[in-house]
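Student: when you get a sec, could you give me coordinates for this:
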Amino acid sequence: MHLRKLAVAAVLALGGTMLAATPAHAANIATNPGFENGLSGWTCSTSSGATTVTSPVRGGTRALQATPAGSDTARCQQTVGVRPSSAYTLSAWVRGGYVFLGATGTGGTDPSTWASSPSSYTQLSTSFTTGASTTSVTIYVNGWYGQGTYQADDVVLDGAPGQGQPPATPTGLTGIGNATTASLSWSASPGATGYNVYRNGTRVGTPTGTTFSETPGVGNHSYQVSATNASGESARSGAVSVTVGNDQPPPPSVPSGLAATVSGTSVALRWNASSGATTYNLYRNGTRVGTPTGTTYTDTPGAGTHSYQVSASNASGESARSGAVSATVTGTPPGNLPKRVLVGYLHASFANGSGYIRMADVPNEWNVINLAFGEPTSVTSGDIRFTQCPAAECPNVESEAEFIAGIRAKQALGKKVLISIGGQNGQVQLSTTAARDKFVQSVGAIIDKYGLDGLDIDFEGHSLYLNSGDTNLSAPTTPVIVNLISALKTLKARYGTRFVLTMAPETFFVQLGYQFYGPGPNGSADQRAASYLPVIHAMRNDLTLLHVQDYNSGPIMGLDNQYHTMGGHDFHVAMTDMLLAGFPIAGNPNNVFPALRQDQVAIGLPAAPFAGNGFTTVPEVQKAFDCLAKGTNCGSYRPRGVYPNLRGLMTWSINWDRYNAFEFSRSHRAYLDGLG
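Tutor: Predicted coordinates for the structure are as follows:
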């Protein structure tokens with residue numbers, strides 16, 4: 001998040017302590033966390049009357065309900081295996097009477113938090129670090145003496161599983177059959193060393209990876225998978241049905257006639273149809289970048305020479321790839337920016353303790369200046385307003401005429417000035433077409449009034465989410481997603497090629513999509529998970545820069561299937577590599593987020609330790625950039641490629657950079673200029 005209310009006094013009082021990270025909920029190791037299997041895995045006090053109910057629930061179909069009686073606080077608890085000297089986040093959604101959430105036996109300070117009689121589900125969250133010899137902790141939820149009935153749901157213990165417990169149940173099981181073979185794939189389970197595959201209830205395979213194929217005979221077969229390690233076997237996954245038989249069509253033939261035509265920054269590709277094909281897979285430099293259903297595709301790969309191939313697919317599988325064709329792109333991408341850019345947010349409508357900077361005084365190191373923030377009149381109105389910081393908060397604020405003159409002066413130097421919409425406090429939900437149209441009108445009015453170069457989307461909180469069943473990256477159905485895409489396309493069409501479009505999502509809304517996408521198949525996951533992906537994908541041909549916030553983040557799994565934690569160069573390398581290599585969404589190889597162009601990607605960072613959680617020192621940032629752009633100075637994570645055209649760095653914020661003696665802008669401007 002872009003934090004706008006942090007005061008200098010608070011910074012000094014905390015002595016540089018960073019704000020709490022937004023948990024990614026990437027590795028829930030609690031058993032039966034949503035109480036979908038009754039009270040399995042939980043032990044509840046004898047007189048609590050603990051049970052599971054179908055209403056009210058927060059997610060899924062059931063929730064815990066218990067009632068304190070006399071001296072019994074109606075505690076329900078479970079013991080979970082953990083790793084010594086490891087960080088964990090514990091959260092749960094609660095309602096009803098006074099409700100407490102906590103953990104005991106952590107080997108350190110046992111955490112506890114509570115809520116006072118919430119009438120609707122409220123999330124409690126706390127964290128702890130295990131002691132050097134701690135291998136298990138007990139997590140609990142309970143009410144209070146003499147208080148009423150409470151409910152709890154969706155308990156999450158986020159962290160590494162213990163060495164002495166079975167792994168979690170695998171998720172994301174998919175299967176496909178052809179004339180003779182059933183092929184399965186699923187998402188990796190943390191802590192698993194192997195898997196058991198069951199056909200029609202009988203174990204038929206024990207792979208160590210997350211794929212399995214067999215020839216089970218003609219017919220319809222039901223498959224499940226479980227995960228194993230030295231401590232035992234998980235529960236079996238939900239079942240998938242796979243039909244194998246001679247009535248299945250063979251995989252299609254290899255497409256022929258692939259040709260490429262370059263126009264500006266775009267490459268138009270076409271090929272001949274393959275008999276029996278239902279979709280095609282378009283590969284650029286060996287990475288799949290599109291799955292069109294027709295025989296044409298337009299790509300915007302960035303400057304350079306690119307190699308393309310195409311294959312054909314149907315229900316039985318994928319053909320071999322065609323011969324390669326090359327295309328050389330020399331055009332200038334949208335925005336007309338230099339090869340290496342610094343992007344900074346300017347506190348234009350508030351001060352927040354870092355001090356107000358007049359537009360004319362913004363240092364020349366910055367190439368893109370994002371005015372923070374345009375905010376809606378209400379969450380669902382779509383009516384965006386921007387006002388300069390009031391004089392009572394910013395005594396040195398310039399007049400509107402001086403502000404506009406400062407913008408013109410920056411633009412005369414080649415700088416781009418954008419209006420940033422959203423931020424921590426400005427949640428925007430375009431849930432109706434009326435809100436969409438008002439968004440277009442009001443944002444256009446701001447751009448026109450101040451003569452701005454474009455728009456930055458910084459939607460946070462609950463602005464974006466995916467409804468249940470909305471799993472097609474290329475054809476989303478959730479209104480807040482569909483209407484935002486439509487609004488951005490309308491604004492792009494209105495202002496043309498000069499329009500600069502940038503986005504600043506958090507990792508939760510992008511890279512977490514490697515594991516989770518929306519509410520998931522059983523509806524129990526956070527529906528906001530990876531909800532930026534369909535917006536980015538729809539706008540990829542018009543997107544100037546994507547600078548994901550590599551801060552205020554929980555641990556995120558990279559393409560190496562390892563969790564990476566913010567603050568060091570490996571985190572930035574792993575998160576950026578996912579954008580530039582592409583990744584299967586929720587582990588599904590048939591639903592891929594294609595790689596972005598290198599010139600579309602910058603790394604988002606706090607400008608100073610007190611600007612956001614996850615500050616990374618100048619040397620660590622430049623090590624990450626070296627690894628990505630030059631293939632040198634890498635740590636334990638090795639990116640899937642070398643990205644010499646990686647665009648640059650973004651920071652929150654220009655104001656905090658000045659407060660920190662310009663360390664960010666001056667150090668990194670010199671570094672980027674030295675790269676050429």
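
Student: ok, now which ones touch Ala348?
Tutor: Applying CB atoms under 8 Å, 6 or more residues apart in numbering to Ala348 gives the contacts Met359, Leu371, Ala372, Phe386, Gln388, Cys389. In this view, the C-beta of every residue, glycine as well, is placed from N, C-alpha and C.

Student: can you do 10 Å?
Tutor: With contacts defined as CB atoms under 10 Å, 6 or more residues apart in numbering, the neighbours of Ala348 are 356-359, 369-374, 386-389, 394, 397, 403, 417, 419-420, 450, 654-655.

Student: what's the pLDDT at it?
Tutor: Here the pLDDT value assigned to Ala348 is 95.

Student: could you report the separation of it from Gly648?
Tutor: 21 Å (CB to CB, to the nearest Å).

Student: quick one: the strands in the stretch 1-150 of the chain?
Tutor: Taking DSSP state E, counting those that start in this stretch to define them, one finds strands in the stretch 1-150 of the chain at 43-44, 51-53, 63-66, 76-81, 87-96, 99-104, 112-115, 122-129, 136-142, 150-158.

Student: could you spell out the sheet neighbours of the fifth one, each with its direction?
Tutor: Translated: strand 87-96. Strand 87-96 has the following strand partners under DSSP bridges: strand 122-129 (antiparallel), strand 150-158 (antiparallel).

Student: do the same with the second one
Tutor: Strand pairing for strand 51-53, using DSSP bridges, gives strand 63-66 (antiparallel).

Student: list the buried residues for the partner strand?
Tutor: Neighbour-count burial for strand 63-66 flags Ala63, Leu64, Gln65, Ala66 (criterion: 16 or more other CB atoms under 10 Å).

Student: what about the helices in the chain?
Tutor: All helices of the chain, identified by DSSP state H, fall at 8-14, 400-412, 433-450, 479-495, 533-538, 569-581, 618-630, 654-659, 663-675.

Student: show which residue of this structure lies farthest from the average position.
Tutor: If you look at how far each residue of the chain sits from its centre, by CA atoms, centre = their mean, the farthest one is Gly70, at 45.6 Å.

Student: what ranges does the stretch 251-400 of the chain have for its strands?
Tutor: Along the stretch 251-400 of the chain, counting by DSSP E, counting those that start in this stretch, strands occupy 259-263, 266-270, 279-284, 287-290, 296-299, 304-314, 317-318, 325-329, 341-347, 368-376, 384-385.

Student: what comes up buried for the third one?
Tutor: Right, strand 279-284. For strand 279-284, burial by neighbour count (16+ other CB under 10 Å) applies to Thr279, Tyr280, Asn281, Leu282, Tyr283, Arg284.

Student: so for stretch 394-402, mean pLDDT?
Tutor: 95.

Student: likewise stretch 64-72?
Tutor: On average, the pLDDT along stretch 64-72 is 89.

Student: any idea how far Thr432 lies from Leu90?
Tutor: Here Thr432 is placed at a distance of 37 Å from Leu90 (CB to CB).

Student: ok, these two, which is more surrounded?
Tutor: Remark: of Thr432 and Leu90, Leu90 carries more neighbours, 28 against 15, as counted by other CB atoms under 10 Å.

Student: so that one sits against Thr130, correct?
Tutor: No. Under the criterion of CB atoms under 10 Å, Leu90 is not in contact with Thr130, lying 11.9 Å apart.

Student: identify the contacts common to the two.
Tutor: Ala103, Thr106, Val137, Gly159.

Student: for the nearest residue to the second one once chain neighbours are set aside, give me its contacts.
Tutor: Distances taken as CB to CB, 6 or more residues apart in numbering put Phe128 closest to Thr106, at 4.7 Å, once the chain neighbours are dropped. Applying CB under 10 Å, 6+ apart, one finds that Phe128 lies in contact with 82, 86-90, 102-103, 106-112, 134, 137, 159.

Student: if we use 8 Å, what do you get?
Tutor: Residues in contact with Phe128 (CB under 8 Å, 6+ apart) are Ala87, Tyr88, Leu90, Ala103, Thr106, Gly108, Thr109, Asp110, Pro111, Val137.

Student: likewise Ser91?
Tutor: Per CB under 8 Å, 6+ apart, neighbours of Ser91: Pro23, His25, Leu101, Gln123, Leu124, Ser125, Thr126, Val155, Val156, Asp158.

Student: please name the nearest non-neighbouring residue to it.
Tutor: Ser125 (4.0 Å).

Student: pLDDT weak spots in the stretch 351-500 of the chain?
Tutor: Across the stretch 351-500 of the chain, nothing is flagged by pLDDT under 70.
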